[in-house]
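Peer 1: Pasted the sequence and its predicted model underneath.
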Amino acid sequence: MPFQKATKKQAKLRLALIGPSGSGKTYTALTLATYLVPGGRIALIDTEHGSASLYADQFQFDVLELDSFSVENYIAGITEAEASGYDVLIIDSLSHAWTGKDGVLEYKDKMAAATSSKDDFGAWRKASPKHNSLVDRMLSARLHLIATMRVKTDYVVERGSDGKNHPRKVGLQPVQRDGVEYEFGVIADIDADHNFIVSKSRCSALTDMVVNKAGKEIADILRQWLTDGIAPQEGTAAPDIQPSTPSPDPGNEVAAIPLPSLPMPAPVVAPIVSPPPANGNGRNGKPATIKTPKWGPAARALAERCPCYKRGDGQPDQFQMTIVAAQCEFNEITEANLEAVIAALSKHAAQAMAAA
């Protein structure tokens, strides 16, 4: 498997739009898709009870309305859009695949309830591959893909220019599995004032950009970036933009996402973990909080040594690692305790390999 000179290739867009209700995620997604492929065909998976169709008088697109948000239905929608020759697929929203009816969390609860011990962690070992299969299908789709995600919202009180206090709605964490947003090449937060705030981008021209009511300007930058490079060989699709590690943030509670995948036929074995301790850490899929940017490289190195911490695509399953860390009573992973966390994870990996 020799190294080759890196070359920039034409690619398909992977864009995540994250914001609270009413911020304009659907409208922004349709606007960007329309300008990204002028005259192209746009498909939209609607999980919002037909709300996207309210924009049918302003945009040309076809819609698939879901009332069951299982991973299988999402994957079927992606496959249908791809087979039908659409240029852009909008998933509005991806959050329902996690928290909606028949979504991953509901599936996990059903699996746990079906066991005599109500084994919640064991249920995650069945639910996680379903979630990973959806992520893999999105990244491999042979079309541009824009996904919206809801965020948990809260209100802050700010003093206005009139000297009075005013409440303002703000978005917090995306309603999806921790870190899934970093699987996308470009991430933009949309606030209540419809500001398009780029929080991560593989496109340097968009880095740290803030635009009110994003439209043609953003789409033109994206199109130029995606088409600037070597065209894919005939019969193959342009690759999707692989994720990058987010900039270090001392308060970041999401693990760094692995580097682009390389083919490696490593076995995939779920780690064996001890029963959750009395403090309840690790229950219900709650991971340890990441407090050091050194976690990403350490997690990748651990997965190379211990293949049982790899996902089906060969990448480190950092979510699984942080679950195990939480069960080992590491509420946070910091630079000070990183070595101890890795040692604990290695011990569990040895148990998994011995039992395989």
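Peer 2: Sure, I can see it.
Peer 1: Domains of the protein: list them as residue ranges, please.
Peer 2: Domain ranges of the chain: 14-227, 283-355, per automatic domain parsing.
Peer 1: Could you tell me the least trusted of those domains?
Peer 2: For those, the weakest mean pLDDT is recorded on domain 283-355, namely a mean of 80.
Peer 1: Kindly reformat the domains of the chain as JSON lines containing distance to residue 8 and mean neighbour count.
Peer 2: Just so you know, the C-beta spots here come from the backbone N, C-alpha and C atoms, and that holds for glycine as well. Below are these laid out as JSON lines (distance: least, Cβ to Cβ, whole Å; neighbours: other Cβ atoms under 10 Å):
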{"stretch": "domain 14-227", "distance to residue 8": "9", "mean neighbour count": "18"}
{"stretch": "domain 283-355", "distance to residue 8": "22", "mean neighbour count": "19"}
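Peer 1: between these, which gets nearest to residue 3?
Peer 2: Nearest to residue 3 among the domains of the chain is domain 283-355; the distance by Cβ to Cβ comes to 16.7 Å.
Peer 1: The residue lying closest to residue 303 once chain neighbours are set aside pairs with what?
Peer 2: Once flanking residues are discounted, residue 303 sits nearest to residue 316: 3.6 Å by Cβ to Cβ, 6 or more residues apart in numbering. Counting by DSSP bridges, residue 316 forms beta bridges with residue 310.
Peer 1: Make CSV out of the domains of the chain and add distance to residue 2.
Peer 2: As requested, these are exported to CSV (distance: least, Cβ to Cβ, whole Å):
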stretch, distance to residue 2
domain 14-227, 24
domain 283-355, 18
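Peer 1: among the ones you listed, which is nearest residue 4?
Peer 2: Going by Cβ to Cβ, the one of those nearest residue 4 is domain 283-355, 18.5 Å.
Peer 1: Tell me which helix or strand residue 319 sits in.
Peer 2: Using DSSP states H and E, residue 319 sits within helix 318-327.
Peer 1: Toward the C-terminus, what is the element adjacent to that helix?
Peer 2: Downstream of helix 318-327, the next assigned helix or strand under DSSP H and E is strand 332-333.
Peer 1: could you pull out the helices for the chain?
Peer 2: For the chain, the helices defined by DSSP state H cover 25-36, 71-83, 96-99, 104-113, 120-140, 216-227, 295-305, 318-327, 338-355.
Peer 1: And the helix holding residue 319, what does it pack against?
Peer 2: Judged by 3 or more Cβ pairs under 8 Å, 6 or more residues apart in numbering; DSSP states H and E, the packing partners of helix 318-327 are helix 120-140, helix 295-305, helix 338-355.
Peer 1: Reformat those helices as CSV; add distance to residue 45.
Peer 2: Converted to CSV, the helices and strands packed on helix 318-327 look like this (distance: least, Cβ to Cβ, whole Å):
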stretch, distance to residue 45
helix 120-140, 11
helix 295-305, 31
helix 338-355, 36
